[in-house]
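pasted the sequence and its predicted model underneath.
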Amino acid sequence: MNKKLLDPLQKINPPQLIMIVFIVLIGIGTLMLALPVSSAHGESVGLLNAWFTATSAVCVNGLVVLDTGSTFSTFGQIIIMVLIQIGGLGFMTLGVMVAVVLGKQIGLKQRLIIQQTTQSSSSQGMVRLSLYIATIVFVVEAFATVILAFRWKDEMGVGAAVYNGLFHAVSAFNNAGFALWSDSLSQYTGDPIVIITIFSLFLIGGLGYIVVVDLVQKRSWWKLSLHSKVVLLSSGILLGFGFVILFFLESWNASTFGQLTFGERVLAAFFQGATPRSAGFNSIDIGSMLTASQFVLIFLMFVGAASGGTGGGIKVNTFVVLLLATINTFRGGKEIHAFRRTINQETVMRALAVVISSLGFVLVVAFLLNITENLMEEHFLEVLFEATSAFSTTGLSMGLTSELSPLGKCIVIVTMFAGRLGPLTLAFALAHRRRASKLSYPEDNVLIG
């Protein structure tokens, strides 16, 4: 009888199991956050609001329909923090830690799930990788908590400083973007300790666990894998791009940089140019930024962080592969090269599939939100911003999130879920079986351009 009960579970592939576990985690989080004890006012926030918040936390998004600091009690905030940690670190990584402590064996299926969640190229060494990841996460978060606690201890007392430090360290490292202040980090725009600490956390988390472990183990640029080199170089270029564009544009904007000193402008542009890569914090009001700056943020959110990390988007490595393929096509080359390595065609096709499906998903969501929220044409950028932020699990908003209708909230919830799992993972999870074609047809040409 037990075998019959376990049979269906054995047939579930890793992507399907990941999707199921995420749904279960969101369900548990929803019920916990809907309890009156989770509310600061002793009354339930409602199932829909709890569902939205739980999804945003598990999917490490950061979009909120309720102010986290004033609406939720300490108990509710701790639930949110735990959901963020599980969603960002990965339930299988936590499971490996528990299994190791209990002396349990990690089977092949568990290793395949870890491989899927960390985006590793091989299922070998998954237990060791999980332990490396867990160690790095907890050491970095603990170190950041201490720094933030020392910064805030005179301002709010030791106990509150440690709690706030821990919450924001977990939120930042996992690229969740949840803050306990309604203005996110706007009050600390010119504070180098807070801004640099939070920036360092979401930068490390956004690089991806594979890259971080690679850096810790090899400590040499020449020994790093191709993936690590691509992620590090492209991330640096995008950070520089975001900083330069926002500093130049917003320096003309009296509503954002107008009251800031030169040093504060540099810090604000540096931080705000990095946070769209899936961090979700903001040190200036997004809604007050110039339209051109908001459009740049949309682009950076869509690209996102790196594969295998806590960030979202199509992933910077995906963007680079497609960019290299495009340049190679213009040059008339047959093979795509990077750092004296050849990138295979299957990788290019996967990158193309991710970009096209993601772009299509975002546009469909923007179209639906325009209908459900009954917005006029002049608000399209605001809707596109919201759709991109939800799908890329960034969590930035121009102010639309708190005004969403019930149907709009449901659409954004589904978008956050799809964005966290990724279009390819969802496709593999929903596909019953991969079928190889038994037929072969003659080649022909289709005119392009």
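Here it is on my side, so go on.

need the contact partners of the helix or strand hosting residue 299.
Using DSSP states H and E, residue 299 sits within helix 291-303. Residues outside helix 291-303 that contact it (Cβ atoms under 8 Å, 6 or more residues apart in numbering): 238, 242, 245-246, 249-250, 253, 272-273, 276-278, 286, 289, 313-316, 319, 358-359, 362, 381, 384-385, 388-389, 392, 394, 396, 398. C-betas here are computed from N, CA, C, even on glycine.

write the ChimeraX selection for whichever of these are buried.
A single ChimeraX command selects the buried members of the contacts of helix 291-303 (16 or more other Cβ atoms under 10 Å):
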select :238,242,245,246,249,250,253,272,273,276,277,278,286,289,313,314,315,316,319,358,362,384,385,388,389,392,394,396,398
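
narrow the contacts of helix 291-303 to those in helices?
Mapping those onto helices (DSSP state H) picks out 238, 242, 245-246, 249-250, 272-273, 316, 319, 358-359, 362, 381, 384-385, 388-389.

so where's the stretch 301-449 of the chain uncertain?
Along the stretch 301-449 of the chain, the parts satisfying pLDDT under 70 run over 375-378, 423-439, 447-449.

tell me where it has helices.
Ranges of helices in the stretch 301-449 of the chain, per DSSP state H, counting those that start in this stretch, are 316-331, 345-372, 380-391, 406-421, 423-430.

highest mean neighbour count out of those?
Mean neighbour count (mean count of other Cβ atoms under 10 Å) peaks for helix 380-391 among those, with a mean of 24.

tell me which strands and helices that one is in contact with?
The contact analysis (3 or more Cβ pairs under 8 Å, 6 or more residues apart in numbering; DSSP states H and E) places helix 380-391 against helix 291-303, helix 345-372, helix 406-421.

re the thing from before, what comes up buried for the helix holding residue 299?
In helix 291-303, residues buried by neighbour count (16+ other Cβ under 10 Å) are 293-298, 300-303.

equivalent analysis for stretch 333-346, please.
Residues 336, 343 are the ones in stretch 333-346 that count as buried (16+ other Cβ under 10 Å).

distance from it to the middle of the chain?
A distance of 28 Å separates the centroid of the chain from that of stretch 333-346, by Cα atoms, centre = their mean, to the nearest Å.

cool, and stretch 273-293?
Counting by Cα atoms, centre = their mean, stretch 273-293 comes out at 15 Å from the chain centroid.

pLDDT score assigned to residue 15?
pLDDT for residue 15: 67.

now do the residue nearest to the spatial centre of the chain against residue 270, distance only.
Nearest residue to the geometric centre of the chain (Cα atoms, centre = their mean): residue 311, 2.7 Å. Residue 311 is 18 Å from residue 270, where distance means Cβ to Cβ, to the nearest Å.

before I go, just wanted to say thanks for your time.
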